[in-house]
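# sequence first, predicted coordinates after that:
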Amino acid sequence: VGCILEARHFAELFDWPAVRKRLEARLEQLLADSGAIDGESLLAVVTHAEESASMPAHLKAAALAAAVRHWSKVVQASEGAAAAVGSGSGLSSERKAELGTLSKVRHRDGHVCGSLEEYLHAAADDLSMWEREMAVDAPQTARRQVELAWQHWHQILFEYGHIFGAANAENWREKVRCQRETLRDERLRKRGAAMKLPEGKVWFEASLDWREVPSNGICPGGLEYRCDMQTSRNYARLP
């Protein structure tokens, strides 16, 4: 792999497009069986992909997918390179942290994205659509699945904030919170209309977090409840 990358570098440097394409085709073949590639080679490939402006997008994606799929081997190779005198891994600590989190995402969801920002945007769009299309009388099991998926999204957002700054993550979190509250209010309105609730009564929708139950709220069955003895306020959440 190292020889292919070096040869591709010179083919790019001397503008030999035919040679470069043959080398890229061979590299793509090797990445298709990335399990057989050692950690040092995987590290070299993903570093080369990050630094090369002319590498085709599909080949960059293949290099990234291979590195994320076998991230433990890449980490070991990176640590070995960092320990060598005068040598580095070629990847910034920020990018390594990001790729490590993308590896967690891949193990959980099977998705490989080029960046955490790309993943968070795509996941938020999918989850928002899921909520928007959910029936007003959907069972609590479906509601819980949505909440668990959002919980995972917030965990990844926390790691994003640790890498790229808490302020950016907090702004994103607040934006999503407002969007979800708008969707929730619309569901509550539709649910109340469908149930023909008496005037002044509202439907209560629980989440995995404790939410205050309004005095005029109508709750579904099967929730967990607690009462704040100091304020006499009632709270409920999904079990």
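Happy to help now that I have it. All values derive from a computational prediction rather than experimental measurement.

# following the least confident helix or strand in the chain by mean pLDDT, which helix or strand comes up?
Lowest on mean pLDDT, DSSP states H and E among the helices and strands of the chain sits helix 71-83, with a mean of 80. Using DSSP states H and E, the helix or strand that follows helix 71-83 in sequence is helix 93-109.

# now that following helix: buried residues?
95-103, 105-106 (16 or more other Cβ atoms under 10 Å). Where C-beta positions appear, they are placed from N, C-alpha and C, glycine not excepted.

# show me the contacts for the nearest residue to Ala32 once chain neighbours are set aside.
Using Cβ to Cβ, 6 or more residues apart in numbering and skipping the chain neighbours, the partner closest in space to Ala32 is Ala62 (7.6 Å). With contacts defined as Cβ atoms under 8 Å, 6 or more residues apart in numbering, Ala62 is in contact with 28, 31-32.

# with Ala49 instead?
55, 59-60, 63-64.

# now the phi/psi pair for it, please.
Main-chain dihedrals, Ala49, degrees, to the nearest 10: phi -60, psi -40.

# roughly how far does it sit from Gln145?
Distance from Ala49 to Gln145, counting by Cβ to Cβ, to the nearest Å: 36 Å.

# with Glu170 instead?
Taking Cβ to Cβ as the measure, Glu170 falls 26 Å from Gln145.

# thinking again about what came up before, just the ones of the contacts of Ala49 in helices?
Among those, the residues falling in helices (DSSP state H) are 59-60, 63-64.

# give me the neighbour count for Leu120.
By other Cβ atoms under 10 Å, the residues close to Leu120 number 20.

# wait, I meant His48
The tally of other residues near His48 (other Cβ under 10 Å) stands at 22.

# got the contact list for Val176?
Val176 sits next to 124, 153 when contact means Cβ under 8 Å, 6+ apart.

# returning to what we had before: can you pick the most crowded of the contacts of Ala62?
Counting neighbours by other Cβ under 10 Å, Leu31 leads these with 23 neighbours.

# which residue, other than its chain neighbours, is closest to that one?
Here the residue nearest Leu31, using Cβ to Cβ, 6+ apart, is Ala62, at 4.5 Å.

# in this protein, where is pLDDT below threshold?
Applying pLDDT under 70 to the chain flags the ranges 81-89.
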